[in-house]
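>>> sequence? don't have it. structure:
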């Protein structure tokens with residue numbers, strides 16, 4: 001709770017100070033108190049950081065990613081975006097007067113930047129592969145749409161994250177589900193293949209990648225997802241259904257892909273050319 005909230009409930013400055021001395025209120029930041037015990041959980045500490053930065057402040061950057069469930073790791077320190085100039089000790093404050101109502105949300109009772117704005121803020125500090133995985137994972141949740149990414153890139157064109165996100169905005173295909181799929185798209189670009197469709201349905205089955213003009217399916221087989229009998233049988237049943245529909249399947253394993261990418265590219269190129 002904030003000092004202002006306590007006063008609104010009828011507490012005087014003297015009564016607040018007495019409860020701090022007797023261990024019923026614990027100072028989390030100047031003018032922010034934890035009730036009954038110190039703030040311990042990430043959610044409690046995140047809420048305290050937002051309260052400390054004043055009305056309209058919002059959790060942002062890595063803390064916002066964690067609050068939206070887009071990462072499982074909470075940051076060691078908090079970043080908060082504010083409209084006014086208020087800089088509590090121990091909190092990294094980002095000033096932005098251009099935020100609109102749609103850039104701010106309430107998640108788990110904490111004011112936070114929207115998923116689109118959060119991804120924009122985090123993009124400059126992420127290497128290419130983690131950023132690709134973050135964007136695609138976020139697009140597969142109910143929280144983020146590609147049009148929302150386009151919106152923040154358009155409204156904040158000089159933001160360092162806008163340049164990193166524009167390639168994702170320009171795409172109109174499905175999102176990837178794994179780092180293996182991300183690497184396969186990069187592999188196609190590296191070896192001059194047309195960009196395949198990813199995670200589309202063929203003959204009633206969702207396939208990893210499809211070269212539509214050649215009607216060739218590529219399945220990316222990582223051992224972690226294909227090592228039990230059920231997966232083995234399901235994969236072969238799917239291959240038979242899609243082959244009956246005129247779509248042969250090439251299966252590329254993680255080990256072959258990383259051990260001999262050029263050989264895999266030559267084989268795929270031969271198959272596509274003959275189709």
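Cool, the structure landed. Predicted, not measured: the structure shown is a model, and the values here were computed from it.
>>> Compute the distance between the nearest residue to residue 43 once chain neighbours are set aside and residue 157, please.
If the residues on either side of it in the chain are set aside, residue 43 comes closest to residue 108, at 6.2 Å by C-beta to C-beta, 6 or more residues apart in numbering. Every residue, glycine included, has its C-beta placed from N, CA and C. Here residue 108 is placed at a distance of 31 Å from residue 157 (C-beta to C-beta, to the nearest Å).
>>> With residue 41 instead?
Separation of residue 41 from residue 157 (C-beta to C-beta) stands at 38 Å.
>>> same deal with residue 177?
30 Å.
>>> quick one, which of these two is more surrounded?
Neighbour tally, residue 177 and residue 157, criterion other C-beta atoms under 10 Å: the higher count belongs to residue 177, 17 against 10.
>>> Surely the more buried one is within a helix?
No - with DSSP: H, G, I helix; E, B strand; the rest coil as the criterion, residue 177 is located in coil rather than a helix.
>>> So the residue nearest to it when sequence neighbours are not counted, which state does it fall into?
Of all residues not flanking residue 177 in the chain, residue 199 sits nearest, at 6.2 Å (C-beta to C-beta, 6+ apart). Following three-state DSSP, the label given to residue 199 is strand.
>>> per-residue pLDDT, residue 199?
Residue 199 is assigned a predicted lDDT (pLDDT) of 91.
>>> do the same with the one 5 residues further on
With respect to pLDDT, residue 204 scores 92.
>>> Relative to residue 218, how far out is it?
Going from residue 204 to residue 218 by C-beta to C-beta gives 18 Å.
>>> Tell me which of those two has more neighbours.
Neighbour count, other C-beta under 10 Å: between residue 204 and residue 218, residue 218 has more, with 23 against 9.
>>> The helix or strand residue 148 falls within - contacts with which helices or strands?
Element membership for residue 148 (DSSP states H and E) is helix 146-155. Helices and strands touching helix 146-155, by 3 or more C-beta pairs under 8 Å, 6 or more residues apart in numbering; DSSP states H and E, are helix 115-122, helix 160-170.
>>> Pull out the buried positions in stretch 116-128.
116, 117, 118, 119, 120, 121, 122, 123, 126 (16 or more other C-beta atoms under 10 Å).
>>> and of the residues you listed, the nearest to residue 64?
The closest of the buried residues of stretch 116-128 to residue 64 turns out to be residue 118 (C-beta to C-beta; 4.1 Å).
>>> which non-adjacent residue is nearest the closest one?
According to C-beta to C-beta, 6+ apart, the nearest residue to residue 118 is residue 64 (4.1 Å).
>>> give me the number of residues near that neighbour?
By the measure other C-beta under 10 Å, the count of residues near residue 64 is 30.
>>> still on that earlier bit, so who does the residue nearest to residue 177 touch?
Taking C-beta atoms under 8 Å, 6 or more residues apart in numbering, we find residue 199 in contact with 174, 175, 176, 177, 181, 206, 207, 208.
>>> Can you turn the buried part of these into a PyMOL selection?
To isolate in PyMOL the members of the contacts of residue 199 that are buried, counting by 16+ other C-beta under 10 Å, one can use:
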select buried, resi 174+175+176+177+181+207+208
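>>> From the contacts of residue 199, which one has the minimum pLDDT?
residue 174 (70).
>>> Report the separation between that one and residue 109.
Noted for residue 174: a distance of 34 Å to residue 109, by C-beta to C-beta.
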